[in-house]
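K.L.:
here is my input, please return the structure:
(one chain, ligands or ions: 2)
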Amino acid sequence: MTQAQSIEERLFTIRYKADDKSHLIIKDQDVCAKCVDKDCNYFCPADVYLWHEEDKMTSVAFENCIECGTCRLACPTYNIEWVYPTGGYGITYKFG
Ligand code: SF4
Ligand code: SF4
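P.N.:
Numbering: from 1, shown residues only. Ligands and ions are numbered 1, 2, ... in the order given. Prediction:
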């Protein structure tokens, strides 16, 4: 019987080809500054979003995105613009 894989092990099976340009855009950093819970720091399975208190901004490590689409719906103010990466870029699922 196959042992269950951790999320980290599963993410390791994904192949990335990162574009130079982000396909994820924070529409308004001022909205992030007023966002109480900073939900994006928790709901993204690939840890793409990180709030920086000293700079008052959310950084976006778009290269790590696994294109699950969660952030399109889960940001409470819909402050994240999400498009598919340009053709040829993004992820390939090895077993999917
Ligand atoms: S959840 Fe949305 S509004 Fe809040 S910090 Fe993240 S991107 Fe900004
Ligand atoms: S699409 Fe999924 S993996 Fe990509 S940034 Fe949004 S929540 Fe994270």
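
K.L.:
any idea how far the residue most central in space within the chain is from ligand 1?
P.N.:
The chain has residue 48 as the residue nearest its centroid, 3.9 Å off, counting by Cα atoms, centre = their mean. The gap separating residue 48 from ligand 1 is 10 Å, by Cβ to the nearest ligand atom, to the nearest Å. Heads up, the C-betas are built off the backbone N, CA and C, glycines and all.

K.L.:
how about residue 78?
P.N.:
8 Å.

K.L.:
look up phi and psi at that residue.
P.N.:
phi 50, psi 50 (degrees, to the nearest 10).

K.L.:
quick check: it vs residue 89, distance?
P.N.:
Residue 78 is 24 Å from residue 89, where distance means Cβ to Cβ, to the nearest Å.

K.L.:
show me what contacts the nearest residue in space to residue 70 that is not next to it in sequence?
P.N.:
Distances taken as Cβ to Cβ, 6 or more residues apart in numbering place residue 43 nearest to residue 70, at 5.6 Å, with adjacent residues excluded. By Cβ atoms under 8 Å, 6 or more residues apart in numbering, residue 43 lies in contact with 70, 71, 74.

K.L.:
quick check: pLDDT value at residue 43.
P.N.:
pLDDT, residue 43: 96.

K.L.:
now it: phi and psi?
P.N.:
phi -80, psi -20.

K.L.:
just residue 60 next, same as before
P.N.:
phi -130, psi 110.
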